[in-house]
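Undergrad: Sharing a sequence plus its predicted fold:
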Amino acid sequence: MSCAKESELDKLRSEVLEVTKEILRLIARRQSLCVEVGKLKQAKGLSIEDPSIERALREAITKEALNLGIEKDFAQKLTTLLIEECTKVQPKPPERKVLTHRDIARMAEALERQGVKVIRMDVGEPDFRAPNTVVERAYQEMKAGRSRYTEPKGKQELRQAIADYVKMRYGADVRADQVIATVGGAFGVYLALASTVSPGDEVIVIDPSWPIYKPCVRYVGGRPIVLETRLEDGWEPDLDKLNEKISAATKAIILNYPCNPTGKALDKKTFKGIVEIAQDRKLTLISDEVYADYNFTGSEHNTVLNYPDVNYVLISSFSKSWGMTGFRVGFTISDLDRTNKMATIQSTLITCIPEFIQYAAIEALKCLDEAKKNSEVMKDRAEAVCKALKPLPLTFYKPDGAMYVFPRIDVKGVDGSEFAVKLLENKNVSVAPGGAFGNYFNYFRISLGQPKEVLLEGVKRIGEFLSSMS
């Protein structure tokens, strides 16, 4: 390269550097303006986030980007990052200390190591043992040396068994190559987000929600946008408000019905309404249907598989229906392109799930009677616990499904995290604080993962503790 050309290149590089520094100076100026905006909001008692203002900002930025010849998606991602940073720097009230179900579980386990008998109503783990034939199949396959790598999606036999199962269950036309065997439902959530969301994209999360969703969105560089639901509305999502939350940066909506922690199941009309919104706005529905078998309504479970024209990822697991939490096996179903993307991610991060576990999952799909029986047991527990809770100073939605009850504490000034800690310390009963699931600080979650008589003793102690607080 000639000296003249090198000089020209250096000059351009220097100009790029100066422009970049100017961008940073403008961002710093923007941040200082955001701080002032935040102070005024705080003085007026306004929320930090304002969807209507954000939407107007996005529209203006998109228009300007088009005028300047800047790619629209890039402009939207940059806008999301700027909004996020503006939100971070605005003055906020002191953050409340929020304990999660895992925090309470660790405290309970510490007591148990000291020999204390704790009634565990914290973690969402059923006490059901995996079917004997499943345990035996895993053992025999290990003995036979089936502990080798498999293809990232999982063995063809398992994926075909899952495709056959959902076809039998829902009449859905699913092929084996649309299925991935995952490390439980949790990794399925990660794969769905990692294959859908790019840095700067937004994802709608409907609260109260399983605590994994928002961190997972952030891990892949996205921004979780919360749609809150209320006990007073029967935890029903407002579709008009859902539409308002969607911006040009929105890429997906996460659904979890029957819901952890509320036990809410959507009726067909509401579910279809969400599907239509996703179709109209060209969004992906990430549908966590882990609790599909725990449906107490007597009506057919509403599944995203019934809507093949919408972009979707279905996530399910063997953990709840068959009591196989420690086996760590779940699955995803989606279109072929997205499934192949997810398989590439899984191959990169974990290669595949253990071969002998995959055979155990194949065996579980033959144990439909056990799954049905487990669902009936969970329904009976929910009925008994709700009946026992009714006289207490609590308000709750009687669950349509899943394995939880999510009561509000009707005692003035009670914080769910403090309540959970003191209940554990005074009554040796562990529950999950409501703040772990969203802005529900005077709630707590009861997991139905213990025998009925144990649960009823736990509710009795909760009642005694609430009486001592009055």
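TA: Cool, the structure landed. Numbers count the residues shown, from 1 in each chain.

Undergrad: Can you get me a residue count around residue 49?
TA: 13 (other Cβ atoms under 10 Å). Yep, even glycine has a C-beta here, placed from its N, CA and C like the rest.

Undergrad: host element of it?
TA: Under the criterion DSSP states H and E, no helix or strand holds residue 49.

Undergrad: What residues does it make contact with?
TA: By Cβ atoms under 8 Å, 6 or more residues apart in numbering, the residues touching residue 49 are residue 87.

Undergrad: how far away is it from residue 245?
TA: 10 Å (Cβ to Cβ, to the nearest Å).

Undergrad: With residue 335 instead?
TA: Counting by Cβ to Cβ - residue 335 and residue 245 are separated by 25 Å.

Undergrad: ok, those two, which is more surrounded?
TA: Remark: of residue 335 and residue 245, residue 245 carries more neighbours, 19 against 14, as counted by other Cβ under 10 Å.

Undergrad: and the more buried one, what pLDDT?
TA: Note for residue 245: predicted pLDDT of 93.

Undergrad: ok, now residue 56?
TA: 87.

Undergrad: any idea which element it lies in?
TA: helix 51-68.

Undergrad: what's the spacing between residue 48 and residue 305?
TA: 38 Å.

Undergrad: Neighbour count for the two, which is higher?
TA: Just comparing residue 48 and residue 305: by other Cβ under 10 Å the higher neighbour count belongs to residue 305, 20 against 16.

Undergrad: What sits closest to that one if chain neighbours are left out?
TA: In this structure, residue 305 finds its nearest non-sequential neighbour in residue 172, 3.8 Å apart by Cβ to Cβ, 6 or more residues apart in numbering.

Undergrad: how many neighbours does the one you found have?
TA: 19.

Undergrad: Quick check: can you list the domain ranges of the protein?
TA: Using automatic domain parsing, the domain ranges for the chain come out as 33-91, 101-124+370-469, 132-366.

Undergrad: want to throw these into TSV with distance to residue 13?
TA: Below are the domains of the chain laid out as TSV (distance: least, Cβ to Cβ, whole Å):
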stretch	distance to residue 13
domain 33-91	21
domain 101-124+370-469	48
domain 132-366	25
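
Undergrad: ranking these by mean pLDDT, which is last?
TA: domain 33-91 (a mean of 88).

Undergrad: And that domain, end to end?
TA: End-to-end distance for domain 33-91: 12 Å, by Cα to Cα, to the nearest Å.

Undergrad: repeat for stretch 434-450
TA: Per Cα to Cα, stretch 434-450 runs 20 Å from first to last residue.

Undergrad: quick one: contacts of the helix holding residue 56?
TA: Contacts for helix 51-68 (Cβ under 8 Å, 6+ apart): 71-72, 74-76, 78-79, 83, 244-245, 247-249.

Undergrad: of those, buried ones?
TA: 75, 76, 78, 79, 83, 245, 247, 248, 249 (16 or more other Cβ atoms under 10 Å).
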